[in-house]
Each structure stands twice: as structure tokens, then as C-alpha cells.
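Enquirer: show me how the following folds:
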Amino acid sequence: PLLRQYIDNDAHTEEHTAQVDYVNPINEMHYIDFGAKYIYRKNASDVLYRQADTEGVMHDITDPNGKYDQLRNIVAGYADYQLKYKSFGAKAGVRYEYSYMNVDFDNNPERNYSASMHDVVPSVVTSYMISPMSTVKLSYNMRINRPGIQSLNPFADESDPTNITKGNPDLDTEKSHNIELSFSRFSQKFMINAGLNYSYSGNGIEQYSVADGGVITTTYGNVSKRNTVGLNIWCNWNPWPKTRLMLSFNGGYNKYESEVLKRNVDGFTGNIFANIQQTLPHDFTISGMLFGNTGSVGFQNETSGILSYGFTFGKSFFTNKALNISIQAMAPFTKYLKIDNTTTSNTFTQTTNMRIPIRRFGVSLSWRFGNLKTTVKKTSRSINNDDTTKQSNSSTTTGATGGAGVGM
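Expert: Residues are numbered from 1 along each chain as shown. Take a look at the predicted model:
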């Protein structure tokens with residue numbers, strides 16, 4: 001029987017960061033910098049759970065995982081050395097991290113635990129300037145990816161008793177090794193930036209589902225070995241003074257292996273974005289956009305490809321072009337965007353077919369008041385904590401605490 005229930009899950013993250021950097025360009029050839037960083041991060045979840053009895057009276061239910069606190073202290077230090085000699089450049093750095101974690105389950109104290117981790121994170125970047133407008137780079141770095149509250153939260157959401165979702169508080173930090181070869185060329189009419197990259201993770205964090213007795217449970221785990229080869233290209237071409245073409249492409253090959261879940265999956269994926277803009281007489285502009293992808297292959301999911309397009313017609317008014325009016329049409333000849341997703345495991349296959357209204361028309365108006373001639377000076381370094389997963393099964397996330405080529 002499906003009984004009435006009430007769930008209020010307050011899950012949140014609190015974070016404080018302190019950072020200091022020292023930068024010294026010794027001369028035109030040698031450059032050093034080093035620094036330190038401290039992060040205090042608390043992931044917490046507090047659940048109020050009530051369920052009705054057979055007579056409809058609501059009662060508070062104590063969930064053993066309902067009150068969860070994860071406190072993590074991260075201390076890091078880094079040092080970089082950069083060399084520039086004629087057309088050749090190189091930068092090598094290393095970052096040391098110490099992380100202490102304490103986990104408390106208020107309703108289930110026997111599950112409490114603490115752990116500490118030490119990590120040495122290297123990075124190397126080399127570059128060669130072929131000409132004043134062309135550069136090639138080769139780089140390597142190791143990145144640390146820590147799970148966020150979404151994937152850690154142990155509370156089991158059973159609001160749909162046939163589809164249960166929960167996090168995994170025992171997740172470990174994901175580590176990946178990344179190599180990239182890139183080329184860039186810039187000129188007045190043509191610009192291109194292209195990169196070929198490879199990434200490997202031996203303990204990838206994945207979202208996965210299992211079925212038992214007609215109930216599908218979705219959670220997270222360090223369950224995969226992930227290999228990714230990618231290609232990305234961005235270029236901008238101005239064949240004539242009033243014509244602009246832009247193209248962006250990225251794609252790659254992904255391979256997932258899991259001994260725990262007995263999976264071996266691979267496949268190609270790619271997406272493309274193209275835009276053309278033409279300036280017409282009397283300050284009229286017209287542009288067209290095209291976006292498409294081949295679909296994606298994930299650890300357990302395969303998503304179909306999509307194709308979308310749009311047009312914009314605009315005009316600027318007055319000699320200073322202060323007033324701009326434009327009319328947009330997104331997919332004017334297509335009513336629905338069709339997306340099909342298939343989830344496959346050793347115990348079940350689930351297919352979801354979505355039809356999303358995509359046809360859209362709009363009008364925008366903007367007015368610029370005067371000209372901003374004053375600029376605000378910004379510091380050359382800023383705090384950037386990018387070590388936490390942005391998505392549960394993201395395979396491209398950046399380093400932990402800055403420095404050593406990952407930016408503080």
C-alpha cells in the first residue's frame with residue numbers, strides 16, 4: 001500500500017577559503033610563484049520524515065541516515081617555475097594537499113568515521129611559438145575531483161517507491177590524469193584554437209542504478225575505470241568586413257570499465273555549434289545558428305542525438321547605435337525536440353522518451369546610456385575552488401586547490 005508521507009530534506013554545503021600567493025618575475029627568462037590555501041567545507045543533510053499509518057495519522061519516522069554531517073579541512077601548498085627562452089616556453093609545478101575528513105551520523109553513531117589523505121599533484125606545460133600568430137602547446141596534469149553533497153547525501157528518497165535515489169557517504173576522491181596537445185592561430189580575418197586530449201581515471205565516480213524485485217535504486221560509487229579521448233575545435237572567420245562565421249566542435253571517444261558492476265561500455269559522442277552573421281546596409285543585421293549532437297554514451301546511459309536551429313533579425317538606431325531591437329525565431333519549423341534515453345544494467349533496461357516544445361519566437365530591446373570609460377582594476381589572482389563535482393558523473397573536472405597550473 002502507498003501511504004501518505006512528508007519529506008523535508010535540508011541538504012547544503014558551507015565553505016570558507018583563505019589563500020595567499022607570491023609571484024616573482026625574476027627576469028624575462030625566469031618566473032616563479034608559490035602559495036598556500038586552506039579550505040573549510042561542510043556538507044550537511046537534515047531530514048524531517050513523516051508517514052501516515054493505516055488510519056491516516058501522520059507520525060515522525062527516525063531515519064538512521066537522516067542527519068548527516070561531513071566536515072573536510074583541506075590544506076595545500078604549491079610552487080611553480082616558468083622558463084621562457086626565445087620561442088620556447090615551459091612551466092612545471094607541484095602541489096601538495098593534505099585533507100582531513102570527519103563524518104557524523106547523529107541517528108546512527110556507529111557509522112561515524114574519519115580519514116585523512118595526502119596527495120602530490122604535478123603539472124607540466126610546454127609551448128613553442130611557431131610564428132607571432134601561431135603557438136603549439138603540450139601539457140600534463142593530475143586533477144582531483146571531490147564528491148559534492150548531491151552524491152554524498154545518504155538519505156534515501158522513497159517518494160516514488162519503485163524508483164529510490166540516495167547518495168553514498170563512503171565515496172572516495174576521484175583522481176584523473178590528463179594530457180593535451182593544442183594549437184592556436186590568430187590573424188585579422190581568421191582565428192582557430194584546436195586541442196586533442198586524453199584523460200584516464202582509475203576510480204571514477206559514477207551514478208548507477210540496480211533493480212531488485214521491481215524497485216530501481218540509483219546511487220553513486222567509485223566503480224569505473226574511465227578512458228576518454230577528445231577533440232575540440234573553435235574557429236572564427238571574417239571573409240568580408242561585414243560577414244562573420246563561427247564554428248565550434250567537440251567530440252570524443254569514451255570507454256568505461258567496471259569490475260564491480262560487470263560493465264564494459266564504449267562509444268563516440270560529439271556536438272557542433274555554427275553561427276553566421278551578416279551586417280546589412282542601414283545598420284540591419286541577420287544571423288543564423290545551428291546546433292546538433294550525436295547523442296552521448298555514459299556509464300549506464302545512452303542518449304539520442306538532437307538538432308536545433310534559429311534565426312535573428314536586428315537593427316540598430318541612432319548614430320551611436322544606442323538602441324538595438326531584434327527578433328528571434330528558434331526552430332520555427334520544428335514543434336518538438338525529441339530526446340530518447342536508455343538506461344541499461346545487468347538487471348534491467350529502462351527507456352525514456354521525451355518530447356520538449358522547442359519552437360519559440362521573441363523580441364528583445366536594449367538601450368545603452370552613454371559610454372563606460374572607467375575600468376575597475378582587478379587582482380591578477382582570485383579564489384577558485386573547482387575540486388567538487390558539478391555533475392554526478394562528470395568526467396571533465398578541474399584540479400583541487402589551485403596553483404601548479406590549475407589557477408588560484
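
Enquirer: for T303, list the residues it contacts.
Expert: Going by CB atoms under 8 Å, 6 or more residues apart in numbering, T303 touches 295-296, 339-342. Every residue, glycine included, has its C-beta placed from N, CA and C.

Enquirer: the residues you listed in helices, which ones?
Expert: Using DSSP state H, no member of the contacts of T303 sits in helices.

Enquirer: what about V223, helix or strand, and which?
Expert: Assigned by DSSP states H and E, V223 belongs to strand 215-240.

Enquirer: and the helix or strand just after that strand, C-alpha only, in CSV?
Expert: As assigned by DSSP H and E, the chain's next helix or strand after strand 215-240 is strand 243-258. In CSV, the C-alpha atoms belonging to strand 243-258 read as follows (Å, rounded to 0.1, in the frame of the first residue of the first chain):
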residue,chain,number,x,y,z
THR,A,243,30.5,38.8,-42.6
ARG,A,244,31.3,36.6,-39.6
LEU,A,245,31.3,32.8,-39.4
MET,A,246,31.9,30.9,-36.2
LEU,A,247,32.2,27.2,-35.7
SER,A,248,32.7,25.2,-32.5
PHE,A,249,33.1,21.4,-32.4
ASN,A,250,34.0,19.0,-29.6
GLY,A,251,33.7,15.2,-29.6
GLY,A,252,35.4,12.1,-28.4
TYR,A,253,35.5,8.5,-27.5
ASN,A,254,34.6,7.3,-24.1
LYS,A,255,35.3,3.9,-22.6
TYR,A,256,34.0,2.7,-19.2
GLU,A,257,35.1,-0.5,-17.4
SER,A,258,33.7,-1.7,-14.0
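
Enquirer: now strand 243-258: buried residues?
Expert: By 16 or more other CB atoms under 10 Å, the buried positions in strand 243-258 come out as 244, 246-248, 250-258.

Enquirer: now do it: distance to the chain's middle.
Expert: 15 Å (CA atoms, centre = their mean, to the nearest Å).

Enquirer: who does that strand pair with, and is each partner parallel or antiparallel?
Expert: Paired with strand 243-258 in the same sheet, following DSSP bridges, are strand 215-240 (antiparallel), strand 263-280 (antiparallel).

Enquirer: now do the shortest one: everything it contacts.
Expert: So the one you mean is strand 263-280. The contact list for strand 263-280 (CB under 8 Å, 6+ apart) reads 224, 242-258, 285-300, 302, 345-346.

Enquirer: if we can go back for a sec, next, the buried residues of the strand holding V223.
Expert: Buried residues in strand 215-240 (16+ other CB under 10 Å): 216, 218-224, 226-228, 230, 232-234, 236, 238.

Enquirer: how far does it sit from its chain's centre?
Expert: For strand 215-240, the distance to the chain centre is 9 Å (CA atoms, centre = their mean).
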